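*Asks:* Sequence and predicted structure, then a few things I'm wondering about:
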Amino acid sequence: MAEAERIIGTPDTPDADRDEQDRAGTEGTAAETERPRGKRRIAVLFAVAVFAYALDLISKMIVVAELEHHEPVEIVGDWLRFEAIRNAGAAFGFGEAFTVIFTVIAAAVIVVIIRLARKLYSLPWAIALGLLLGGALGNLTDRIFRSPGVFEGAVVDFIAPKHFAVFNLADSAIVCGGILIVLLSFRGLDPDGTVHKD
């Protein structure tokens, strides 16, 4: 009998059909759940990026209109003041001779983040990448549209703590996003939401 079943095959049973349907239904439901969750994380990423970019852009417009060619404004005595300067280098004034290189790097970072967004299922990573994206877009806008020319434009910096480099809100967003990414990496949390421990 066993040999006959092996050759002919075991006929389908209602229970087997029901198990197969349940398994297919479970897999379909999981896939449908993952898609909206991924879309929500992407929405968070771009919402954070737009918010950071808008704050940076508006602040720079105000600084150029009200502070440039004027005396610095003291916010907390001489410990913190607003002072408009043009920075051709990277964040915090480093590398002023490599403006074009920093422009290319910023554009590459933006492309990488947008490509990574398709595999994003972690809310903290969405926030971190949104901060990086918004900050990179803010400074890239200056590089493209401000003088002395396209891809060589000087970034507007204005936040001037005592004994520290002058920076802007885009720099702050990039640094905060970078710190958050380091913390998430130390915790073993990947952009796709999985957690690994070495």
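*Replies:* Everything's here; your move.

*Asks:* Which parts of this protein are strands?
*Replies:* Taking DSSP state E to define them, one finds strands in the chain at 73-76, 80-87, 155-161.

*Asks:* Output the contacting helices and strands for the shortest one.
*Replies:* On a contact count with 3 or more Cβ pairs under 8 Å, 6 or more residues apart in numbering; DSSP states H and E, strand 73-76 meets strand 80-87. From N, CA and C alone the C-beta is placed, and that goes for glycine too.

*Asks:* can you pull the pLDDT of the residue positioned nearest the centre of the chain?
*Replies:* Compute the mean C-alpha point of the chain, and by Cα atoms, centre = their mean the closest residue is L129, 1.8 Å away. L129 is assigned a pLDDT of 96 by the prediction.

*Asks:* Ok, V195 next?
*Replies:* pLDDT, the model's per-residue confidence, is 86 for V195.

*Asks:* ok, it touching L189?
*Replies:* Yes: in this structure V195 lies within contact range of L189 using Cβ atoms under 8 Å: 5.5 Å.

*Asks:* ok, these two, which is more surrounded?
*Replies:* Applying other Cβ atoms under 10 Å to V195 and L189 shows that L189 carries more neighbours, namely 17 against 9.

*Asks:* pLDDT value on that one, please?
*Replies:* The predicted structure scores L189 at 92 on the pLDDT scale.

*Asks:* Tell me which residues touch the closest residue to A47 other than its chain neighbours, please.
*Replies:* Closest residue to A47 apart from its sequence neighbours, by Cβ to Cβ, 6 or more residues apart in numbering: G130 at 7.0 Å. Taking Cβ atoms under 8 Å, 6 or more residues apart in numbering as the contact definition, G130 lies against 44-49, 51-52, 177.

*Asks:* Please tell me which one of these counts the most neighbours.
*Replies:* Using other Cβ under 10 Å as the contact criterion, the top neighbour count among those goes to A49, which has 28 neighbours.

*Asks:* can you pull the contacts of that one?
*Replies:* So A49 contacts 129-131, 133-134, 137 (Cβ under 8 Å, 6+ apart).

*Asks:* show me what contacts the residue nearest to the centre of the chain?
*Replies:* When the contact criterion is Cβ under 8 Å, 6+ apart, the partners of L129 are 45, 49, 113, 116-117, 120, 177, 181, 191.
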